[in-house]
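Visitor: this one's sequence-less:
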């Protein structure tokens, strides 16, 4: 009990945060009126954010230990507990999830007309599942949440999605499931080797044989790499993003794909320090490929949503690059960039959803001259574009700079190669901006049957918090970075202390022995 | 303290107010917010300048910006002699150009947007020059680039403007790629990004090398060259000069403020700021000098034959920036900054003057369709003459002193000195020629435009001519603070003022040599005028003949050495093709997706085959069982 701090608040804050959306979803079951359902969902998501806020305000930044911990026996015969808690790595993602969920409700207000009740139940259960993943400290609990959130996401894409929704939904489901199966095997192995427990913290303290670490690392890798998604298992993402309804894209980009990187931080790195060091180089290489490859694909994209989806591949490449630089700047930059990407790309998908409601087209070539037609929209989109290309003063810069710094410090060549992604990023984003907002407008939108209109108050309300975060993190990132310091330092210490000496210089022969 | 923070903050406030409320509320009153803000900054800048002159160099940290592990960088300001001069240049010219823009942009649909961006630019530029560390410099550096992008693409409905804006941003990113990595390398080397901490600790870098692909490279040289990459992009030096001429798509006040007087000189400022680092590397210094010298002459040759009035001045800017780098590269940092300062005034004047012409001719920019304007626009003509006398280096106009200082420092300093001096002198000849060519084509002879245009010809309103006249004072007199000691004892006030930051240039030479250099510079300036006069006033058919005689050369220059075409061929097109055809079309769609969709298809195909086994006929099952049983028996009997 020395590496956890029990919840000191008068109520079980994490349980409330996770299960309030579920309770809300249960209430929705008994409702019929669509407007009532929308308002209830909005209220529930807002309440979830509010009750989760003390996590940020009363968080003890001085310790790496798990905080707000709740631990109760659940299935004692298998050593399974209901065990939740957060540290400096997960706290920000709880916040991100609760914030984005509200915005998803707002942006679906007009866009979702069919099966309104089911849609909002899916959103709420999805929120609960995601929050559960970030707070679970017991593998059994974790795996339940991990798989449970797949179902509402699958439904969101498959029911409320675009024309290719069924293909995209099944692809998404199978891809993630195949990855998760290997992780499940890994968890079972851990259970038996690590002393018949599924307590994540306890299992993290065990020193596993090096050979086993490699296999387990790969098993977990297959689950997390698909989620991130890392090159070359990224191709589910563009399809899922493109076909998902706006709320689905926002959650997918904002939170879901963060789980892969979170998994590396929470499981792979602390449990398999030797393997982490050994796989550092391949991971850095894959990251750099993702950065450049994703950016190049973006240059060729003709579909607005697919472009942003592929840009996620590139940006998540930065995240994994930072994480596997294995130094404080890289790790903190990576974690911050996860938050940043959730904010920026979440907002980008929100805006694409908003404009799609007006134009009903995703083909970039159909756009043009929108800066003159919808100036407020164009202005906010510019802010997001700049954040996405990492302009100083925005959150994207802080994340990317720390990551590049960390990568350069760890292995110069990867820092240099990754920095080319910064040039390409400016290329595809500004070109996109030019094609949508500049030059002459398509006459359809000015005088045709479907004139476009600028943002309304509800849409502005959904975007303003994200834009505020962009500048807040851009000018004063300390608010957010300070949450991570202790946990990141502890993680690094742990890796360096527990990894066998000299393991980074594993020879080809050792590798042969392992396989 | 608050005073110094207000210098950049006032324009920032103007930006925020105008961008948020300009569209619906402020509209064509935007200048009522912007002009007082920037004028306020100017007054505070003058006050800060006087503080520095009184010996108070300010270095304050306001708050910790990024803290991560042992990485720590602050938001903080350093106002020393170098910054003080930059503050004066930036805020004084900004104020004049803001006033000018009231007249020039009058009636434009994006009036509030124009003043918003311009305010944001001033804020960014002030952050750039006031930063006390590399990362905050980088902030300003990128932010001015952003404003440049906004303002080049200001008339975004024009495809050429949109393209030019994007081009400027992306070309600059190439430079910033090196610059950013340079900043990281600086931190890893010195453990800080704070200027004063680094500059007081340069000793630790001596003799250190860094291994790149098996070669040991001198660390400080690498750092300087990477930083210099950024300067090449921002200050439009070869090979990243291509964005600046296209940047003329922006409104003319923007060309004057951003693409002549201030932003493009950021590279010069940065190198001068880092002089304690550059001075440690001969290789880096020589690179700076050669890039500057070659750019000076390269751009000047292009300017000889261009017909767009703004493009001539744009290439002239590239060329003059080359001069500044040449000066920095031979160690004459204060000469470089001196030229930056005089150039800001006469070049802003040239641009605003040409804006006045363009305005009068209703957006005509081709000089071949101008001519004879001096009788219609006497004030514009007058200030143009003053600016031209200044840029061509005729004493006692401002440009003479700064250019002469550079020529002399080149001649007397460094191993490459004489060669660089020769380059610079030839460039001075070319400068004089194209500058006077511009004057003669625009203001002399008879009017070659349409009757419609001729009918409307008029001098510009006072809101335009007054800033021109004020700038003309600068173009004439700005150089009087840097009179060479040869002509006047203690005349080089600016050099002495900057000495605490930039040091004294070293180099030797006799008075006679110095006189010779000065005489040469005046001689070539006069020669340039003479040739231009002969060709464009006396014998106006001569340019055609010369052009025809050197047809290939003329075409080469007219097409700007085909650099744009070359870049398009070897970078832009291949990358686009690679991403479309190879990466997306083949690798992503065929290989990866082939496997992803192939596995389920394969499984499907297999199950289809195996499904056929289940025929439901007992005889079939019986047969298979019999074969199986035989096989097992056979295996047991014969193989064991």
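Guide: Sure thing, it's come through. Just so you know, these numbers come straight off a predicted model, no measurement behind them.

Visitor: can you give me the helices for the stretch 101-250 of chain B?
Guide: Residue ranges of the helices in the stretch 101-250 of chain B, as given by DSSP state H, counting those that start in this stretch, are B:111-130, B:134-152, B:159-190, B:195-199, B:219-234, B:243-246.

Visitor: can you tell which of the ones you listed is closest to residue B:275?
Guide: helix B:195-199 (8.6 Å; Cβ to Cβ). Where C-beta positions appear, they are placed from N, C-alpha and C, glycine not excepted.

Visitor: State the mean pLDDT of that closest one.
Guide: Per-region confidence: helix B:195-199 scores 92 on mean pLDDT.

Visitor: any low-confidence regions in chain B?
Guide: For chain B, the stretches flagged by pLDDT under 70 are B:414, B:507, B:613, B:640.

Visitor: Identify the residue of it closest to chain A, quick one.
Guide: Across chain B, the shortest distance to chain A (Cβ to the nearest Cβ) belongs to residue B:69, at 2.8 Å.

Visitor: So is the host helix or strand of residue B:5 next to chain A?
Guide: Following DSSP states H and E, one finds residue B:5 within helix B:2-21. Yes. Helix B:2-21 is in contact with chain A by Cβ under 8 Å from any Cβ of the partner chain, via residue B:19.

Visitor: by how many degrees do that helix and helix B:134-152 diverge?
Guide: Helix B:2-21 and helix B:134-152 meet at an angle of 40 degrees, taking axes from the mean of the first three to the mean of the last three Cα atoms, to 10 degrees as the criterion.

Visitor: Helix B:2-21: which residues count as buried?
Guide: B:4, B:6-15, B:17-19 (16 or more other Cβ atoms under 10 Å in any protein chain shown).

Visitor: Present the residues you listed as TSV; the columns should include distance to residue B:548.
Guide: Conversion of those to TSV gives the following (distance: Cβ to Cβ, whole Å):
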residue	distance to residue B:548
B:4	60
B:6	60
B:7	55
B:8	54
B:9	58
B:10	56
B:11	51
B:12	55
B:13	58
B:14	53
B:15	52
B:17	57
B:18	52
B:19	52
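
Visitor: between these, which is nearest residue B:87?
Guide: residue B:7 (6.8 Å).

Visitor: Tell me which stretches of the stretch 201-350 of chain B form strands.
Guide: Under the criterion DSSP state E, counting those that start in this stretch, the stretch 201-350 of chain B contains strands at B:209-212, B:215-218.

Visitor: can you redo these as a markdown table with mean neighbour count and distance to residue A:439?
Guide: Formatted as a markdown table, the strands of the stretch 201-350 of chain B follow (neighbours: other Cβ atoms under 10 Å in any protein chain shown; distance: least, Cβ to Cβ, whole Å):
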| stretch | mean neighbour count | distance to residue A:439 |
| --- | --- | --- |
| strand B:209-212 | 13 | 43 |
| strand B:215-218 | 13 | 45 |
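
Visitor: With distance to chain A as added columns, please give these in CSV.
Guide: CSV is the format used below for the strands of the stretch 201-350 of chain B (distance: least, Cβ to the nearest Cβ, whole Å):
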stretch, distance to chain A
strand B:209-212, 8
strand B:215-218, 12
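
Visitor: near chain B, which residues of the stretch 151-300 of chain A show up?
Guide: A:171, A:174-175, A:232, A:235-236, A:293, A:296-300.

Visitor: picking up where we left off before, starting at the chain centroid, how far to the helix holding residue B:5?
Guide: Taking Cα atoms, centre = their mean, to the nearest Å, one finds helix B:2-21 lying 24 Å from the centre of the chain it belongs to.

Visitor: repeat for stretch B:582-595
Guide: On Cα atoms, centre = their mean, the centre of stretch B:582-595 falls 40 Å from that of its chain.

Visitor: Identify all contacting residues around it.
Guide: A:232, A:235, A:293, A:296-297, A:300-301 (Cβ atoms under 8 Å, 6 or more residues apart in numbering or on different chains).

Visitor: residue contacts, residue B:186?
Guide: Residue B:186 touches B:134, B:193, B:198, B:223, B:227, counting by Cβ under 8 Å, 6+ apart.

Visitor: what about the closest residue to the first one other than its chain neighbours, distance to residue B:179?
Guide: Right, residue B:134. Among residues not flanking residue B:134 along the chain, residue B:193 sits closest, at 4.3 Å (Cβ to Cβ, 6 or more residues apart in numbering or on different chains). To residue B:179, residue B:193 is 13 Å away according to Cβ to Cβ, to the nearest Å.

Visitor: Please identify which of the two sits among more neighbours.
Guide: More neighbours surround residue B:179 than the other of residue B:193 and residue B:179, with 28 against 24 (other Cβ atoms under 10 Å in any protein chain shown).

Visitor: How many neighbouring residues does the residue lying closest to the more buried one once chain neighbours are set aside have?
Guide: The shortest distance from residue B:179 to any non-neighbouring residue, by Cβ to Cβ, 6+ apart, is to residue B:230 (2.7 Å). Close neighbours of residue B:230, defined as other Cβ under 10 Å, add up to 29.

Visitor: who touches residue B:230 in this structure?
Guide: B:141, B:175-176, B:178-180, B:182, B:267, B:270 are the contacts of residue B:230 under Cβ under 8 Å, 6+ apart.

Visitor: residues contacting residue A:97?
Guide: Contacts of residue A:97 (Cβ under 8 Å, 6+ apart): A:127, A:130-131, A:134, A:254-255.

Visitor: run the last query once more with 10 Å
Guide: A:17, A:21, A:45, A:48-49, A:52, A:126-131, A:133-134, A:251, A:254-256, A:258, A:342 (Cβ atoms under 10 Å, 6 or more residues apart in numbering or on different chains).

Visitor: of the residues of the stretch 151-300 of chain A next to chain B, closest to residue B:422?
Guide: Out of those, the member with the shortest distance to residue B:422 (by Cβ to Cβ) is residue A:299, at 44.1 Å.

Visitor: Checking my notes, that closest one in a helix, right?
Guide: Yes. Counting by DSSP: H, G, I helix; E, B strand; the rest coil, one finds residue A:299 located in a helix.

Visitor: Could you point out which of the helices of the stretch 101-250 of chain B sits nearest residue A:443?
Guide: Of all those, helix B:159-190 comes closest under Cβ to Cβ, at 16.2 Å.

Visitor: returning to that earlier point: got TSV for the residues of the stretch 151-300 of chain A next to chain B, with neighbour count too?
Guide: Converted to TSV, those look like this (neighbours: other Cβ atoms under 10 Å in any protein chain shown):
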residue	neighbour count
A:171	22
A:174	14
A:175	21
A:232	17
A:235	20
A:236	20
A:293	24
A:296	25
A:297	27
A:298	26
A:299	20
A:300	22
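
Visitor: Which pair of these spans the longest distance?
Guide: Among those, A:174 and A:299 lie farthest apart (Cβ to Cβ), at 29.1 Å.

Visitor: Tally up the residues packed near residue B:592, please.
Guide: Neighbour count for residue B:592, taken as other Cβ under 10 Å: 15.

Visitor: For the stretch 51-200 of chain A, which segments count as helices?
Guide: A:91-107, A:116-135, A:139-148, A:150-160, A:165-193, A:200-205.

Visitor: so which of the ones you listed gets nearest residue A:288?
Guide: So among the helices of the stretch 51-200 of chain A, helix A:165-193 is nearest, using Cβ to Cβ, at 21.7 Å.

Visitor: Could you check the closest one and say which residues are buried?
Guide: So, applying 16+ other Cβ under 10 Å, buried residues of helix A:165-193: A:165, A:168-173, A:175-176, A:179-180, A:182-184, A:186-187, A:190-191.

Visitor: Lovely, talk soon.
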